[in-house]
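Student: Kindly return the folded structure for what I paste below:
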Amino acid sequence: MSVAAGHVAGWVGVGGPGQGANGEDAWLQVGIASVEGTAPYLYAEVVREGRQPQLMLLDQNLRTGVGRRVAVLETVERPGSWRVWVDGNPVTKPIHLRGSSGRWAPIATAESFDGGGAAACNSFAFRFERVSVSYGPGGSWRPFVPGYRFLDDGHKLQSLADSAPTAPPYAFVASS
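Tutor: The predicted structure follows:
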């Protein structure tokens with residue numbers, strides 16, 4: 001992983017820009033990220049309507065090649081409240097996100113942002129294995145179905161599944 005400017009991240013979550021109550025930005029995600037000059041770290045991010053993003057550092061001592069199981073799951077007890085899970089354990093208290101229950105689709109993504117300045121080439125590799133989706137609060141797990149690929153001009157996506165028959169279908173390397 002080489003971050004020339006901005007950040008790179010691989011994460012799962014729910015919500016997004018314009019997905020909150022009254023069309024405001026709202027989301028919850030958990031994943032691995034790195035910014036220029038830092039080692040990769042495990043984080044959770046919550047955005048509530050009308051507030052700035054809140055970043056929670058969960059682990060700053062990640063080792064390359066060591067997998068982590070991460071999830072964002074709606075609670076059974078209170079619809080619209082979500083928790084972040086890491087390696088089978090909850091790591092946040094319930095986080096209420098108004099208007100989210102029954103509306104938000106799951107997301108699994110990797111991203112690179114150059115910080116908004118001059119074009120910079122960040123390179124990274126993330127692997128999503130055994131991705132599944134809960135179809136009800138508290139978990140009713142089913143396999144994840146691939147959806148859309150968003151790729152900016154000047155970048156390429158190399159599927160590791162194409163080059164190695166044993167690689168999972170959600171593994172890739174991104175570079176410019």
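
Student: Would you quantify the distance from Val76 to Leu97?
Tutor: Distance, Val76 to Leu97, using C-beta to C-beta, to the nearest Å: 16 Å. (Each C-beta comes from the backbone N, C-alpha and C, glycine too.)

Student: cool, and Thr109?
Tutor: For Thr109 relative to Leu97 (C-beta to C-beta), the value is 18 Å.

Student: Look at the two and report which has more neighbours.
Tutor: Neighbour totals were compared for Thr109 and Leu97, and Leu97 leads with 25 against 17 (other C-beta atoms under 10 Å).

Student: which residues touch the closest residue to the more buried one other than its chain neighbours?
Tutor: Leaving aside its chain neighbours, Leu97 sits nearest to Ala26 (5.3 Å; criterion: C-beta to C-beta, 6 or more residues apart in numbering). Residues near Ala26 by C-beta atoms under 8 Å, 6 or more residues apart in numbering: 15-16, 19-20, 47-49, 97-100.

Student: same check, this time on Leu62
Tutor: Contacts of Leu62 by C-beta under 8 Å, 6+ apart are 32, 39-42, 68.

Student: Listing partners with orientation, what would you give for the host helix or strand of Gly10?
Tutor: Using DSSP states H and E, Gly10 maps to strand 7-16. Partner strands for strand 7-16, per DSSP bridges, with pairing direction: strand 26-35 (antiparallel), strand 106-113 (antiparallel).

Student: Against which helices or strands is the helix or strand following the longest one packed?
Tutor: On the C-terminal side of strand 26-35, the closest following helix or strand by DSSP H and E is strand 41-47. Helices and strands touching strand 41-47, by 3 or more C-beta pairs under 8 Å, 6 or more residues apart in numbering; DSSP states H and E, are strand 26-35, strand 54-59.

Student: pretty sure Lys93 is in a strand, no?
Tutor: No - remark: Lys93 does not belong to a strand; assigned using DSSP: H, G, I helix; E, B strand; the rest coil, it is coil.

Student: so how far is Met56 from the residue nearest to it when sequence neighbours are not counted?
Tutor: Spatial nearest neighbour of Lys93, excluding adjacent residues (C-beta to C-beta, 6+ apart): Arg83 at 7.3 Å. To Met56, Arg83 is 12 Å away according to C-beta to C-beta.

Student: Need the overlap of contacts for the two.
Tutor: By C-beta under 8 Å, 6+ apart, the residues touching both Arg83 and Met56 are Thr92.

Student: Pull out the buried members of the contacts of Ala26.
Tutor: By neighbour count, with 16 or more other C-beta atoms under 10 Å, the contacts of Ala26 hold 15, 19-20, 47-48, 97, 99-100 as buried.
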